[in-house]
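Novice: Here's my sequence, what's the structure:
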Amino acid sequence: MYSKKDFFNRIIRQVEFGIYYFLDDYLEKHPDADVAGLRCVHIIFSFHFELLLKALYVKTKILNKNVDINKELQSLGHNLEKIGRILGKNELLKVGIKDIYKKNNFYIIETENRNIKVEDFINIRYDFISGTMRNTTREEYSTIKEDLSEIKEIVEKLKKDLN
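Specialist: The predicted structure is shown next:
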């Protein structure tokens, strides 16, 4: 069984890979907005932001060595607002997140510097069922790049002071 620190580090490595390597690289190599590519970017973005919050959960809420961390994380589900409430304002503020709330099919992540828009992980994966047609713009790619920069700052704060 992995220690809390090992589990945290595994999650953070996954977040860093998704954000620093995959998303950065994809957006650099595909600068034109295309619906299919952007949908994939949103899925990966949402997934990795959820993992980032779950890393904070492991760091701050897992106290018992004997707890099944994987089962605990699965029980949190995909609702970022709910995960944020469980983490609490103080823990979120330590990594630069002021608030998390849902607005339509997005979660708004209020940080010290900007509001990050994260697609609901369930909605973005199954939006085709409702027949929703996605419109994309070149500005959306720029916004995602700016959001990634802010998320990188959160990751760096999260990595500090792990006992």
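Novice: hey, which helix or strand in the chain has the poorest pLDDT?
Specialist: Lowest by mean pLDDT, DSSP states H and E among the helices and strands of the chain is helix 121-126, with a mean of 74.
Novice: How far off centre is the following helix or strand past that helix?
Specialist: Next in sequence after helix 121-126, counting helices and strands by DSSP states H and E, comes helix 138-159. Here the centre of helix 138-159 is set off from its chain's centre by 10 Å, with C-alpha atoms, centre = their mean, to the nearest Å.
Novice: how close does the closest residue to residue 16 other than its chain neighbours get to residue 8?
Specialist: Closest residue in space to residue 16, ignoring its immediate chain neighbours: residue 155 at 6.5 Å, by C-beta to C-beta, 6 or more residues apart in numbering. The C-beta positions use only the backbone N, C-alpha and C, and glycine is treated the same way. Distance, residue 155 to residue 8, by C-beta to C-beta, to the nearest Å: 12 Å.
Novice: go on, residue 112?
Specialist: From residue 112 across to residue 8, the span is 23 Å (C-beta to C-beta).
Novice: Going by neighbour count, list what's buried in the host helix or strand of residue 50.
Specialist: Using DSSP H and E, residue 50 sits in helix 35-61. Neighbour-count burial for helix 35-61, counted by 16 or more other C-beta atoms under 10 Å, picks out 38-42, 44-60.
Novice: now that helix and helix 138-159, what's the angle there?
Specialist: If you take axes from the mean of the first three to the mean of the last three C-alpha atoms, to 10 degrees, helix 35-61 sits at 20 degrees to helix 138-159.
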